[in-house]
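how would this look folded up:
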Amino acid sequence: MEKSQRPAGLAEEFSAREAWRVFGIMAEFVEATERLAGIRPAVSVFGSARAAPESAYYRLAEQTSRLLSDAGFAVISGGGPGVMEAANKGAFFGRAPAVGLNIELPREQRTNQYQDVSLRFRHFFARKVMFVKFATAYVVLPGGFGTLDELFEALTLVQTRKTRRMPVILMHAPFWRGLLGWFRERLVEEGMIDPADLDLLQVIDDPQGVVDAIFAFYEKRGFEPSPDEREILLNL
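Numbers count the residues shown, from 1 in each chain. Take a look at the predicted model:
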């Protein structure tokens, strides 16, 4: 069938559906912003959905998140199983709220039960904005493509100053050693990034060390965004 012979009605119907989807996207941004605006300071925690409760990664996430919560940080995770569940669980039994930003995925995503605040997203990109917008730090445990996606997005936004500078902390050094070596041997050596860009990352294996590093970063400036940073976050 020639392009000119295609039914105009199908194209118009698709266009109308796309336009209406914009309202759904807007609704997700509005609801999430209203419900999360008062939950600060907060730390976004990432890691594999496939980590079993008996795994070292699960225990590390739970311990770290409990310390963060008892120190006054809300903990934001993806709301699913594995490290996400461990992060919510640690915070759920602590002082500050456990927040889950849930999304339906074909294989791995199911909502965990340890959420004081639970939001559901249909659109991946709206959910990803919320991880950054309300975080004062990123804590990244071992994980797969989704975890790496969140890590690289955070690094890109901080590097390009599209969000404010914040601690980006990797936990469990053996898992990250090869990637960090590749950063130095390829990205820095071939001029793809500046050597100083590596300073955007910290590697800390001790849960209390994570809490201490976040407090040290904000010691002289406080957790609230400055007026300039608020403007940056508005345009995230």
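
was I right about residue 71 contacting residue 211?
Yes: under the criterion of CB atoms under 8 Å, residue 71 makes contact with residue 211 at 5.2 Å. In short, each C-beta sits where N, CA and C put it, glycine included.

give me the more crowded residue out of the two.
Comparing residue 71 with residue 211 by neighbour count (other CB atoms under 10 Å), the higher total belongs to residue 211, at 22 against 18.

the more buried one: what's it in contact with?
In this structure, residue 211 makes contact with 64, 67, 68, 71, 73, judged by CB atoms under 8 Å, 6 or more residues apart in numbering.

got the CA coordinates for the helix or strand harbouring it in CSV?
For residue 211, the host element (DSSP states H and E) is helix 207-218. In CSV, the C-alpha atoms belonging to helix 207-218 read as follows (Å, rounded to 0.1, in the frame of the first residue of the first chain):
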residue,chain,number,x,y,z
PRO,A,207,27.3,1.3,56.1
GLN,A,208,28.2,3.9,58.8
GLY,A,209,30.8,5.3,56.5
VAL,A,210,28.1,6.0,53.9
VAL,A,211,26.1,8.0,56.5
ASP,A,212,29.2,9.8,57.6
ALA,A,213,30.2,10.7,54.0
ILE,A,214,26.8,12.3,53.3
PHE,A,215,26.9,14.3,56.5
ALA,A,216,30.5,15.4,55.7
PHE,A,217,29.5,16.6,52.2
TYR,A,218,26.7,18.8,53.6
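
can you list phi and psi of residue 139 for me?
When read as degrees, to the nearest 10, the backbone of residue 139 gives phi -120, psi 120.

tell me the secondary structure for the residue nearest in space to the middle of the chain?
Centroid check for the chain by CA atoms, centre = their mean gives residue 131 as the closest residue, at 4.1 Å. In terms of secondary structure, residue 131 is helix; the call rests on DSSP: H, G, I helix; E, B strand; the rest coil.

what are the buried residues along stretch 85-100?
Residues of stretch 85-100 classed as buried: 85-92, 94, 96-100 (neighbour count, 16 or more other CB atoms under 10 Å).

before we move on, the earlier item: now the contacts of residue 211 as a markdown table including distance to residue 160?
Conversion of the contacts of residue 211 to a markdown table gives the following (distance: CB to CB, whole Å):
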| residue | distance to residue 160 |
| --- | --- |
| 64 | 28 |
| 67 | 31 |
| 68 | 27 |
| 71 | 30 |
| 73 | 25 |
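
mind listing which of the residues you listed are in helices?
With helices taken from DSSP state H, the overlap with the contacts of residue 211 comprises 64, 67, 68.

closest one to residue 198 out of those residues, please.
In terms of CB to CB, no member of the ones in helices among the contacts of residue 211 lies closer to residue 198 than residue 64, at 22.5 Å.

need the contact list for the closest one.
By CB under 8 Å, 6+ apart, the residues touching residue 64 are 45, 87, 90, 139, 171, 207, 210, 211.

equivalent analysis for residue 22, please.
For residue 22, the set of contacting residues under the criterion of CB under 8 Å, 6+ apart is empty.
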